[in-house]
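[1] Show me the folded form of this:
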Amino acid sequence: MINLGKLHEYKNVFGFFAQMLTYPEKLDFHPSVLEESLDSSHPAYASVRTFWNLMHEYSMEQIEELYVQTFDFQKKTTLYMTYHKFEDSRDRGQMLAKLKETYPLFGLDIDSSELSDYLPLMCEFIYAAHWQGHEKEAAESLDLMLAVMEDGTYHLLKALEKFESPYFHLVQGLRETFKACIQQEAEAHEHD
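    From the prediction side, this is the model:
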């Protein structure tokens, strides 16, 4: 079960993850980007800091090449979160449809050509969505979205580790952020 308060507290960090998981631009790696996104008390700070430091060892051209080689040419490191589980089956289409319904419910229109399970889009949604006042609907929709993200990033993380990619640390940080936003069942029942 998702802790909407924690998720709201970490909204800005999801914007950072969305930015880092899209095709890189020079300004993405300006020191203020990290400083404004999370501080040393954030549960993902150590992982994100490792990613940040590793990426600063590359030129911008090398970062662009690394991104393309990692996310555009490797099936195992796809940024489409339902692909690992469903590939191109009918079940994937149904899951994509469910996810796509979530975006407009909370004020985010997505490009019709973009698949709803694209990890940067999902992170951007969490960053930009307005669910205050709609907590019940948000909890159900965001539980599904985070479950898809958690499952997809598990496979992504394993593949990135195998390829020894700096993006491993970024995705690890994203997963650490998910974990901080999940309310354990026993904890949830204590508040009933």
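
[2] pLDDT on the lengthiest helix in the chain, on average?
    The residue-count maximum for a helix in the chain (DSSP state H) belongs to helix 135-162. Per-residue pLDDT values across helix 135-162 average out to 90.

[3] Need the contact partners of the next helix or strand after it.
    Toward the C-terminus, helix 135-162 is succeeded by helix 167-181 as the next helix or strand (DSSP states H and E). Helix 167-181 has contacts (Cβ atoms under 8 Å, 6 or more residues apart in numbering) with 2-3, 6-7, 10, 13-14, 17, 20-21, 42-45, 47-48, 50-51, 54, 66, 70-71, 77, 123, 146, 149-150, 153-154, 156-157, 160-161. Any C-beta I mention is one placed from the backbone N, CA and C, and that applies to glycine too.

[4] Which parts of the chain are helices?
    Going by DSSP H, the chain shows helices at 4-9, 11-20, 31-37, 45-55, 60-67, 83-86, 90-105, 119-128, 135-162, 167-181, 185-190.

[5] For Asp111, find the nearest of those helices.
    helix 119-128 (8.9 Å; Cβ to Cβ).

[6] Mind listing residues that contact that closest one?
    By Cβ under 8 Å, 6+ apart, the surrounding residues in contact with helix 119-128 are 7, 11-12, 14-15, 17-18, 21-22, 79-81, 99, 102-103, 106-108, 110, 114, 116, 142, 145, 148-149, 152-153, 156, 174.

[7] Roughly how far does Glu150 sit from Pro24?
    Counting by Cβ to Cβ, to the nearest Å, the gap from Glu150 to Pro24 is 25 Å.
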